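Student: model this:
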Amino acid sequence: MKKDNKVCDIIPASRVNSVQEYYFSKKLKEVAELNAAGKKIINLGVGSPDMPPSQEAIEVLCSEARKADTHGYQPYIGIPELREGFAKWYKEWYHVELNSRTEIQPLIGSKEGILHISLAFLNPGDGVLVPNPGYPTYSSVSNLAGARIISYDLKEELNWQPDFEALEQTDLTGVKLMWTNYPNMPTGANASMELYEKLVDFGRRHNIVICNDNPYSFILNDNPLSILSVEGAKDICIELNSMSKSHNMPGWRMAMLASNAQFVQWILKVKSNIDSGQFKPMQCAAVEALKAPKSWYDEMNKVYANRRDLAGQIMHELGCVYDEKQTGLFLWGRIPESIASSEAIADKVLYEANVFITPGFIFGSQGERYVRISLCSKEEQLKEALNRIKNIINNQ
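Tutor: Model prediction:
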């Protein structure tokens, strides 16, 4: 006798209701449906580098993967060569000395690191300072950890830096963490040593751990900076870094964090109960990629510079204005006052021009009047997107 399928009367954990499906997860499903209907959408939304890693890194990956003894579980703290590679990279480019044994923790992507840090430091109800606009994962992971989110506004007139006077007037009772991200995503605002010094001072005086997310410092940026270069920063700061953007390895999930030995050990306690390390050939290849000379970054940035020029032309066609000093993998522009919202202009471009750009509202209320264009599409695609958008503007 056939029985009807019946969904069990199960209620998910309350934390599931505290977050929503990631915007890009939902929107890319829609883009896939439009493509299936023959629309041929040009995706200028997601920041997934389309250029390959260095040829040397790929060769190491292949040669190591052919070895019979490289396919087992790896140390939770990563192989020594990778930690040493990150330490040398930090010393060469950021002028920061790190103990490769105790002050560096490799990660399966910095996004996962945000979760590890939050679980290591936040009890339910603890406060966490989150930038607005900012990377949505800071808020969603804080919600999953049961933390109390306190947004702090980043404003264009302050070059998208924290308003420290406003922060000092905020009730900081029970605040444990503060998320920062420079070069900033989504705004492209760069860091300065003055900003990092203020953040370190703020964290030390209020006993708040400053977590600086730093994956964009090599993209269209002549002066990579680390918050850990500030004297005493390691006492109160954690810095996340990633090879996804700087070395064209988004699918490899190779990242790291650096801090004092105690903070790293606490985070390792969490991490070691969640994952089981990274594929050794990828770690070996990452070591090779970290040896890239300045010329390798320069060649990559020549490509991005040309793409940014085209993205700027798209912004102009849309009537958007932007700061030409932006760094990083995106272009961030203010929409015209005549447009109702960032979602409205993004949907118009998607449905009428078959071009996907990111509405700024997904990064917080301070992003509502902005849109973001990714530089992770080839020039031919950007030119085609420009032509499509010109057509819908001219036909209005």
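
Student: and the strands in the stretch 101-250 of the chain?
Tutor: Taking DSSP state E, counting those that start in this stretch to define them, one finds strands in the stretch 101-250 of the chain at 104-107, 127-132, 148-153, 175-181, 209-213, 237-242.

Student: now do the longest one against strand 127-132, angle only.
Tutor: With axes from the mean of the first three to the mean of the last three CA atoms, to 10 degrees defining the directions, strand 175-181 sits at 20 degrees from strand 127-132.

Student: and strand 175-181, which strands flank it?
Tutor: strand 127-132 (parallel), strand 209-213 (parallel) (DSSP bridges).

Student: picking up where we left off before, who wins for proximity to Arg83 among the strands of the stretch 101-250 of the chain?
Tutor: Nearest of the strands of the stretch 101-250 of the chain to Arg83, taken as CB to CB: strand 104-107 at 4.8 Å. Heads up, the C-betas are built off the backbone N, CA and C, glycines and all.

Student: return the distance of that closest one from the chain's centre.
Tutor: Centroid separation for strand 104-107 versus its chain: 16 Å, with CA atoms, centre = their mean, to the nearest Å.

Student: direction included, what does it pair up with?
Tutor: The strands beside strand 104-107 in its sheet (DSSP bridges) come out as strand 255-258 (antiparallel).

Student: please save the CA atoms from the strand it pairs with in CSV.
Tutor: The C-alpha coordinates for strand 255-258 follow below in CSV (Å, rounded to 0.1, in the frame of the first residue of the first chain):
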residue,chain,number,x,y,z
ALA,A,255,43.7,31.7,3.7
MET,A,256,45.2,32.5,7.1
LEU,A,257,44.9,34.5,10.3
ALA,A,258,47.6,36.1,12.4
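
Student: what about that strand, distance to the chain center?
Tutor: The mean C-alpha position of strand 255-258 is separated from the chain mean by 13 Å, CA atoms, centre = their mean.

Student: before we move on, what about stretch 185-198?
Tutor: Centroid separation between stretch 185-198 and its chain, computed with CA atoms, centre = their mean, is 15 Å.

Student: tell me which residues of that stretch are tucked away?
Tutor: Under the neighbour-count criterion of 16 or more other CB atoms under 10 Å, stretch 185-198 has 185-191, 195-198 buried.

Student: could you dump those into JSON lines with pLDDT added?
Tutor: Shown next, in JSON lines, are these (pLDDT from 0 to 100):
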{"residue": "Met185", "pLDDT": "95"}
{"residue": "Pro186", "pLDDT": "96"}
{"residue": "Thr187", "pLDDT": "97"}
{"residue": "Gly188", "pLDDT": "96"}
{"residue": "Ala189", "pLDDT": "96"}
{"residue": "Asn190", "pLDDT": "95"}
{"residue": "Ala191", "pLDDT": "92"}
{"residue": "Leu195", "pLDDT": "98"}
{"residue": "Tyr196", "pLDDT": "98"}
{"residue": "Glu197", "pLDDT": "98"}
{"residue": "Lys198", "pLDDT": "98"}
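
Student: so which of those residues belong to helices?
Tutor: In helices, defined here by DSSP state H, the members of those are 195-198.

Student: now those as TSV including distance to Ala353?
Tutor: Listed next are those as TSV, based on distance: CB to CB, whole Å:
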residue	distance to Ala353
Leu195	37
Tyr196	40
Glu197	45
Lys198	42
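
Student: now, which of these sits nearest His95?
Tutor: Tyr196 (12.8 Å).

Student: nearest to Glu352, out of the strands of the stretch 101-250 of the chain?
Tutor: Here strand 127-132 is closest among the strands of the stretch 101-250 of the chain (CB to CB), at 29.8 Å.

Student: got the contact list for that closest one?
Tutor: Residues outside strand 127-132 that contact it (CB atoms under 8 Å, 6 or more residues apart in numbering) are 118, 122, 138-139, 142, 147-154, 162, 167, 172-181, 208, 363-367.
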